[in-house]
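> Sequence first, predicted model second:
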Amino acid sequence: MPLEQEVPELLMTGFIVVISIVAVSTIRLWAKNKQNGTAYLLVLFHLFLLSISFYFIMNVVTPELDYNHPMASEENSLQVGYAGVFWALSMMSLLAAIFRFTKLTKK
């Protein structure tokens, strides 16, 4: 998908900054509250899977792919499919973390 030249770089920079802030914050909270270790680990796993999903979406968005390639549409569709699978897995990990946090706070 053609975009302005600066857009993919801005998307990548923004994503890396936000994911880094969230990951560092999660690790710091985990260090302060050791009893929720599994839940914090699931949040970090969510961020990891979300990053993989972002990688596949960026493969579709960046103009590095030759659009005259005879299988460009199929390759893009596959990349979007991979991104969707990793996004869904990341959401399941986040949901599991939420359940873990909720279970620990009810006790």
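Okay, I see it. Fair warning: this is a prediction, and the values are worked out from it, not measured in the lab.

> If you rank every helix and strand of this structure by mean pLDDT, what lands last?
Of all helical and strand segments in the chain, the minimum by mean pLDDT, DSSP states H and E falls on helix 72-106, at a mean of 88.

> same for that one, what does it pack against?
helix 37-61 (3 or more Cβ pairs under 8 Å, 6 or more residues apart in numbering; DSSP states H and E). All C-beta atoms are positioned from the backbone trio N, CA, C, and that covers glycine.

> quick one: contacts of the helix it packs on?
Contacts to helix 37-61, defined as Cβ atoms under 8 Å, 6 or more residues apart in numbering, come from residues 1, 3, 7-8, 11-12, 15, 19, 22-23, 26-27, 29-30, 33, 65, 76, 79-80, 82-84, 86-87, 89-91, 93-94, 96-97, 100-101, 104.

> ok, now stretch 20-35?
So stretch 20-35 is contacted by 36, 37, 40, 41, 43, 44, 47, 104 (Cβ under 8 Å, 6+ apart).

> what's the average pLDDT for that stretch?
Stretch 20-35 carries an average pLDDT of 93.

> List the buried residues in it.
By neighbour count on 16 or more other Cβ atoms under 10 Å, the buried set for stretch 20-35 is 26, 30.

> Count the residues that sit near residue 37.
Residue 37 sits with 11 neighbouring residues when counted by other Cβ atoms under 10 Å.

> So it versus residue 72, what's the distance?
Distance of residue 37 to residue 72, computed by Cβ to Cβ, to the nearest Å: 45 Å.

> do the same with residue 10
Computed as Cβ to Cβ, the residue 10 to residue 72 distance reads 24 Å.

> again with residue 57
Residue 57 is 16 Å from residue 72, by Cβ to Cβ.

> Of these two, give the one with the bigger neighbour count.
residue 57 (19 against 12).

> distance of the more buried one from residue 77?
Applying Cβ to Cβ, the value for residue 57 to residue 77 is 13 Å.

> again, but for residue 50
In this view, residue 50 and residue 77 are 21 Å apart by Cβ to Cβ.
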